[in-house]
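Q: what's the 3D shape of this:
(one chain, ligands or ions: 3)
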Amino acid sequence: MLGVAVTSGNVFSQERSWLPLNKDKVHDPMSPALRLLQQPGEALSKLPADTAGNQVRWVEALESGAIDPRTNVFPETKVNVLDLDNWLNTSGSMPVVKFPHRQHTLWLDCANCHEHLFKSKAGANKLSMLQILNGEQCGVCHGAVSFPLTECSRCHNTTFEEYRREYLRAQEAKK
Ligand code: HEC
Ligand code: HEC
Ligand code: HEC
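A: Numbering: from 1, shown residues only. Ligands and ions are numbered 1, 2, ... in the order given. This is a model prediction of the structure:
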């Protein structure tokens, strides 16, 4: 299995490092404006550690208050945080995927996903790992701007037994 067990950063206690701006192949190394910018290492080393992607556990950074980004540019924009989990991949060989709306809508608007990427109806989407790996569906963001697809267990995060128990509890609560 390709799965990587990701526990708290200090268990591995590995040294994190980031390329300086003049070596990141994004910024023009000759630009005199470079020295006005903060180096990634200086900014990111203070945030909760991750072992993948850009080495910051962004959900934890937000929920712990380590960062406090502005939620909207225009005062009239309504911020909508939805506390709803959806279970995907409930009958595969891999563990179930519990998709958390909360951790997404802390960063994103409904319109970033609905309805062009996903229909807002449980079970209405034909998801496939192959398409995800091809940069579609969840892969539009994961592997691009959010944690990479090598972190299998962060999406395949729920055993079938846990899913069954939580699903039955949710059904009970609806009665
Ligand atoms: C960004 C979230 C995400 C990540 C990361 C991810 N998957 Fe998936 N995967 C999914 C979703 C969603 C499905 C559901 C497709 C469906 O409903 O059939 C899926 C389905 C699958 C399936 C087919 C169904 C099954 O269980 O047999 C396999 C195999 C699979 N993933 C393996 C992996 C492996 C291996 C990794 C790590 C290299 C991985 N996935 C990483 C979201 C993810
Ligand atoms: C990152 C992408 C993403 C964002 C952002 C997002 N959703 Fe979803 N939403 C999904 C996925 C994936 C599903 C699961 C669909 C499925 O089961 O096939 C879903 C399902 C739903 C459902 C169906 C729930 C059910 O149990 O039937 C509703 C309603 C919904 N979303 C509303 C919203 C609203 C309102 C917002 C904004 C506050 C939002 N979503 C933001 C991806 C997203
Ligand atoms: C529009 C962009 C977008 C799409 C599409 C998207 N995600 Fe995410 N996802 C994010 C961002 C941003 C975060 C938070 C930053 C991070 O953890 O990298 C996140 C975080 C997560 C988390 C982590 C929650 C935690 O507590 O650490 C899971 C699990 C997850 N996504 C699963 C999925 C699955 C499964 C799909 C497809 C059904 C999906 N995402 C589609 C952007 C997206």
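Q: domain parsing for the chain?
A: 1-69, 70-175 (automatic domain parsing).
Q: Is the longest one in proximity to ligand 3?
A: Yes: between domain 70-175 and ligand 3, judged by C-beta under 6 Å from any ligand atom, the touching residues are 88, 97, 99-100, 103-104, 107-108, 112-113, 117, 137-138, 140-142, 146-147, 154-155, 157. The way it works is simple: take the backbone N, C-alpha and C, and place the C-beta from them, glycine included.
Q: which parts of the helix with the most length in the chain are buried?
A: Longest helix in the chain, counting residues (DSSP state H): helix 160-174. Residues of helix 160-174 classed as buried: residue 163 (neighbour count, 16 or more other C-beta atoms under 10 Å).
Q: Let me see the mean pLDDT of that helix.
A: Averaged over helix 160-174, pLDDT sits at 91.
Q: and the residues of domain 70-175 next to ligand 3, which are buried?
A: Looks like the residues of domain 70-175 next to ligand 3 have 88, 97, 99, 103-104, 107, 113, 137-138, 140-142, 146-147, 154-155 buried, using 16+ other C-beta under 10 Å.
Q: Give me the subset of those that also touch ligand 1.
A: Okay, of those touching ligand 1 (C-beta under 6 Å from any ligand atom), that's 88, 97, 138, 142, 154-155.
Q: how about the helices in the protein?
A: Using DSSP H, the helices of the chain run over 9-12, 40-44, 58-63, 101-105, 129-133, 152-155, 160-174.
Q: Show me which residues of this structure sit near ligand 2.
A: Residues of the chain lying near ligand 2 (C-beta under 6 Å from any ligand atom): 80, 82, 86, 88, 99, 101, 104-105, 108, 110, 112-114, 118, 120-125.
Q: Can I get the buried part of those residues as one ChimeraX selection?
A: Applying 16+ other C-beta under 10 Å to the residues of the chain next to ligand 2 leaves a buried subset, and the ChimeraX line that selects it is:
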select :88,99,101,104,105,113,118
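Q: Mind putting the ones next to ligand 1 among the buried ones among the residues of domain 70-175 next to ligand 3 into a markdown table with pLDDT and distance to residue 38?
A: Converted to a markdown table, those look like this (pLDDT from 0 to 100; distance: C-beta to C-beta, whole Å):
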| residue | pLDDT | distance to residue 38 |
| --- | --- | --- |
| 88 | 96 | 38 |
| 97 | 98 | 36 |
| 138 | 98 | 31 |
| 142 | 97 | 26 |
| 154 | 97 | 28 |
| 155 | 98 | 31 |
